[in-house]
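Q: sequence-free structure coming up:
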């Protein structure tokens, strides 16, 4: 596999990751969001493996496998089980309508392209052009968290954001040291469990997972 | 001199192909669909029979239909055939290809739609008006997505001239281009909306309320209806051919050698067979969507095209 | 005998117009004669102006003239170059058609009301517009500008018995003057930098051209002038006067106001930015582009929502001014990046669209005037089926609709196509962010084009197609021949300008050449006039003649094959329309303007203020058993409430507060003067 072809494949994967990030914004069904999230993890994992192969950095393989297990199987499964147990069937509710969210998303992508321009000029890595996509994924993950009402969709947004960070690390510096990555992976896993616990708590307290209920927690004046 | 003669022959061969292949593609799609749904089909040739039948039928005009109503079928047919003379269907050396680039081509289709919408309103019924209003709305929303898709493809080829775009793709070394893939996705969605296929419109429906294009042409009969139906089939064929020419032009005939022309016709037939199968695969499991969901459908097309454009600048 | 120079022709035409205005006062007792004389001589003046403009552009020579009138030491400077020539040609061309049309149209007023004010101010208005584009100093420019504004004000309130018309005229005058003040300030700034703020030497444009203005002050001058001109051009958010004033004016005046007067403001923008200031920063172009896009999209969306024919046309003028500004903005951005060929392509697109818009909007307003003349109706909800009563007007109006909806081979398409080409070439820009943003702008332009097609399908089909919706049977009759002639000429030029774009661009190319210093290569092929290839034939090409002939040929062939021969075999019968199984279809069951616009009202409703209510007429009966419902729909311009209401409220509040000084006793007023005098003496 030539470097050029690897760069092209990596570009395609980056585009697909961007697409799934937009997909998360546009998706109305919660199971659909989970599938998209798993797909994003898959693309991320393949991309990491390819970068590892071309750069000859074998610790990236570990990251790739870790991503594959955690983000394609374990986390979606946990969330799937949560959604199933909590009987969340309703369509995703959003605060801002979908076309507007999309336009904001496009604006964010252009903004992150602008932000990463200096890095692109300096970097010599084959992955330098994907940095803008990585940053956009982070921002789009944030946007998912901001525009959605339900707690489960928020955690998906959070995890997508983390995907973006991971991707950014790979594209900017060929990944973080393995120790850091392992730590982050563990954190994510634990975060998912804690979120799950929180959901049960929120629901038993408010009888709903709508985050609007949390507004009641503020001090009365 | 010979090249001029050759290109003129190519032009006429292409117009003949466009006129004849339109109903064939429609028949092929209907046949496959029947098979998929476990019905007996009437064969690939049924659309030809339908058109022939309509041509020998009497024309019944609405009471207060004006000349616009009677002129529209001819104009729609004329504009569609003109578009067929411009799109590089079998060859890139068409003498009339420079007459319109892709933007002008879209405008030619838009003109046909403009008159169809006027004809829908001419009879003075509620259904015709509803069809016109909805069809124009769908077209309105498709336009930005179409332009964005065109923009993305033209970034790659550095041109909006159709034969040039096809040539660039065939002559350049093969590259993985996410931008083109997204532009193709967007183009498919737009083509579905523009040609009135499921899930945007249902060409086979029998309920006036669910129709878009058919509601506009509800009052047509006889040779007028034959022309409209024929033009509609050609339009489906042309959108398929346009997609093929922009994204999969391999096998299209160039300036020389001469034997490429029959080969190009053969390749075209194969590609169209595949496109027909894809249409059936898309349409069979889907139902027509609510008219206001079309906004999101075409919004998605716009998004795909925009991501394509962004990924061209960011990744390529 | 040699041909008089463009300058002489232009000056003569202005002189004729001024003489007409004065003699209209003399002959005011003979109204019928007045109509013929004024409009015949206006036509003559327009022919002269057209010749002047045509020659000035094709010569490309600059001609100046100093008139020793005006204030002492401040003579009037006149100048004609390719740019002013182009706009004089537009004024002359549409002015000619409208003047011919007016011969028939204004006669309809004779006997109903005095047409003297129309006969006085119409030539003055034309003269004002010509003077605006040939003046070469700030002082004379402002005089011409005011002449144009004030005379058009009197034309807007020609039918002054209606309160709405008076209000429209007042708003128009107000906003025109706010704009004029801003233009004046901008001139002041530039003149100050040209010769110092102590003397008046810098008031000529040539002095301003030579001035060295620091970038900051240049930007200030640009912004002031741009918003000043934008108020006159009807750019969103300064457009609110336009949909009020244009429908209020008589239709021939609306045609001129929409078709030409808005263009003088665009002329001002081009003259100022490309010639006097020279574009130095790309963000100037960015502002112009963004406001152009906003105007284009909102203009056409509001146009779709209108039920008043002339209001819809007025809003569509906002859209078209937006499209022209898009081209100008693109051109400015390209100029600032030193990409001169692309800049001249974009500028040509803008200029061409100005010309085209003059033609088709003139045609449409004249058509609206013809409908008004025939049916005394402006509300589209009460029209329908007029194609049977007004066959000429219907066909000509259709050509206008096709042109404005950018349908090939008519003229609107050529200029929009050129604008799209300019957009599609934007990836050559060095600035990465602009590269990413421009395609989105192009998408908005595409949306505008599609929306305008939708708008004019609605306008045409609700007005001319279907069946009559009015309460009383339609008594419309086809209009008289001068009106038909005016519209025919306009329609013919729509077609010709669309089919032979290479000739037009070859002629108009001189304007960008003198402003930017580059021409666009129109064509490089054999049979060059046939193919429009703005950059290269590989990049993009368009051939209106081929498309026109091709479509005509196929239509003719299809007609010959399927119609004539078959007609002996297959009969053609008329039958009632399919009523879907219901008993009786009434005319009120047709789709009308409001229902046609409904899908877009739902999709883009968030951009406007919509109040919609359905109330059952019988409050006692159950909702399911109502005999009648009352449907109310109010669509208001959001800008009006966001931008203007607070200002007008503040103004009224201040006025009320100041009102306590008003007593009505003369002694107290004298006391005020006395106190002022004392204060001035103390502080002086």
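A: Yes, it's here. Not measured: the values here are computed from a predicted model.
Q: point me to the residue of chain A nearest chain B.
A: Nearest residue of chain A to chain B: residue A:15, at 3.4 Å (Cβ to the nearest Cβ). For the C-beta atoms, the positions are set from N, CA and C on the backbone; glycine is no exception.
Q: residue contacts, that residue?
A: Going by Cβ atoms under 8 Å, 6 or more residues apart in numbering or on different chains, residue A:15 touches A:133, B:178-179, B:181-182, B:307, B:311, B:315.
Q: if we go to 7 Å?
A: Neighbouring residues of residue A:15 by Cβ atoms under 7 Å, 6 or more residues apart in numbering or on different chains: B:178, B:182, B:307, B:311, B:315.
Q: and for residue C:236?
A: Counted by Cβ under 7 Å, 6+ apart, residue C:236 has contacts C:291, C:294-295, C:298-299, C:318, C:639.
Q: again, only using 8 Å
A: So residue C:236 contacts C:291, C:294-295, C:298-299, C:318, C:322, C:639 (Cβ under 8 Å, 6+ apart).
Q: ok, those vs residue A:189, which is closest?
A: Ranked by distance to residue A:189 (Cβ to Cβ), these are led by residue C:294 at 48.5 Å.
Q: quick one: classify that closest one as helix, strand or coil.
A: At residue C:294 the chain is in helix, as set by DSSP: H, G, I helix; E, B strand; the rest coil.
Q: chain neighbours aside, what residue packs nearest to it?
A: Excluding the flanking residues, the one nearest residue C:294 by Cβ to Cβ, 6 or more residues apart in numbering or on different chains is residue C:236, at 5.2 Å.
Q: burial check on residue A:96, number of neighbours?
A: 15 (other Cβ atoms under 10 Å in any protein chain shown).
Q: ok, and the closest non-adjacent residue to it?
A: In space, residue A:96 is closest to residue A:147, 4.9 Å off (Cβ to Cβ, 6+ apart).
Q: for the closest residue to residue C:63 other than its chain neighbours, give me phi and psi.
A: Computed as Cβ to Cβ, 6+ apart, the closest residue to residue C:63 that is not its neighbour in sequence is residue C:7, at 4.4 Å. Geometry field for residue C:7 lists phi and psi as phi -60, psi -40, criterion degrees, to the nearest 10.
Q: give me the element the residue of the stretch 251-400 of chain C found nearest chain A is part of.
A: Per Cβ to the nearest Cβ, residue C:297 is where the stretch 251-400 of chain C lies closest to chain A, at 13.2 Å. For residue C:297, the host element (DSSP states H and E) is helix C:282-305.
Q: buried ones in the host helix or strand of residue B:261?
A: In this assignment (DSSP H and E), residue B:261 forms part of helix B:260-283. Along helix B:260-283, these residues count as buried under the neighbour rule (16 or more other Cβ atoms under 10 Å in any protein chain shown): B:260-261, B:264-265, B:267-268, B:271-272, B:275-276, B:279-280, B:283.
Q: export the residues you listed to a markdown table and append columns for distance to residue C:622 and pLDDT.
A: Below are the buried residues of helix B:260-283 laid out as a markdown table (distance: Cβ to Cβ, whole Å; pLDDT from 0 to 100):
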| residue | distance to residue C:622 | pLDDT |
| --- | --- | --- |
| B:260 | 74 | 81 |
| B:261 | 73 | 85 |
| B:264 | 69 | 90 |
| B:265 | 67 | 91 |
| B:267 | 67 | 92 |
| B:268 | 63 | 93 |
| B:271 | 61 | 95 |
| B:272 | 58 | 95 |
| B:275 | 55 | 95 |
| B:276 | 54 | 95 |
| B:279 | 49 | 93 |
| B:280 | 49 | 94 |
| B:283 | 44 | 90 |
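Q: now these as TSV including distance to chain C?
A: As requested, the buried residues of helix B:260-283 are exported to TSV (distance: Cβ to the nearest Cβ, whole Å):
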residue	distance to chain C
B:260	21
B:261	22
B:264	22
B:265	22
B:267	25
B:268	22
B:271	25
B:272	22
B:275	25
B:276	26
B:279	25
B:280	29
B:283	24
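Q: among those residues, give me the pair with the biggest separation.
A: Maximum distance among the buried residues of helix B:260-283 (Cβ to Cβ): 33.2 Å, for B:260 and B:283.
Q: nearest spatial neighbour of residue C:330, skipping sequence neighbours?
A: Using Cβ to Cβ, 6+ apart, the nearest residue to residue C:330 is residue C:346, at 3.9 Å.
Q: hang on, the one you found is in a strand, isn't it?
A: No: counting by three-state DSSP, residue C:346 is not part of a strand but helix.
Q: rewinding a little: and the residue nearest to residue C:294, helix, strand or coil?
A: Going by three-state DSSP: residue C:236 is coil.
Q: let me know the pLDDT of it.
A: Per-residue confidence (pLDDT) for residue C:236: 87.
Q: any idea how far it is from residue C:364?
A: As judged by Cβ to Cβ, to the nearest Å, residue C:236 and residue C:364 stand 21 Å apart.
Q: would you mind naming what in chain A lies close to chain C?
A: Within reach of chain C by Cβ under 8 Å from any Cβ of the partner chain, chain A has these residues: A:106, A:110, A:113-114, A:117.
Q: mind doing that once more with 6 Å?
A: By Cβ under 6 Å from any Cβ of the partner chain, the residues of chain A that approach chain C are A:110, A:114.
Q: the helices in chain A, which residues?
A: A:3-26, A:30-55, A:59-67, A:75-86, A:98-122, A:131-147, A:151-173, A:178-206 (DSSP state H).
Q: got the ones you listed as CSV, with mean pLDDT columns?
A: Below are the helices of chain A laid out as CSV (pLDDT from 0 to 100):
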stretch, mean pLDDT
helix A:3-26, 88
helix A:30-55, 91
helix A:59-67, 88
helix A:75-86, 85
helix A:98-122, 86
helix A:131-147, 90
helix A:151-173, 85
helix A:178-206, 75
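Q: compare the ones you listed and give me the one nearest residue C:83.
A: Among the helices of chain A, helix A:98-122 comes nearest to residue C:83, with 35.4 Å by Cβ to Cβ.
Q: list of residues touching that closest one?
A: When contacts are defined by Cβ atoms under 6 Å, 6 or more residues apart in numbering or on different chains, helix A:98-122 is touched by residues A:22, A:25-26, A:128, A:131-132, A:135-136, A:139-140, A:147, B:299, B:303, B:306, B:310, B:314, C:433, C:436.
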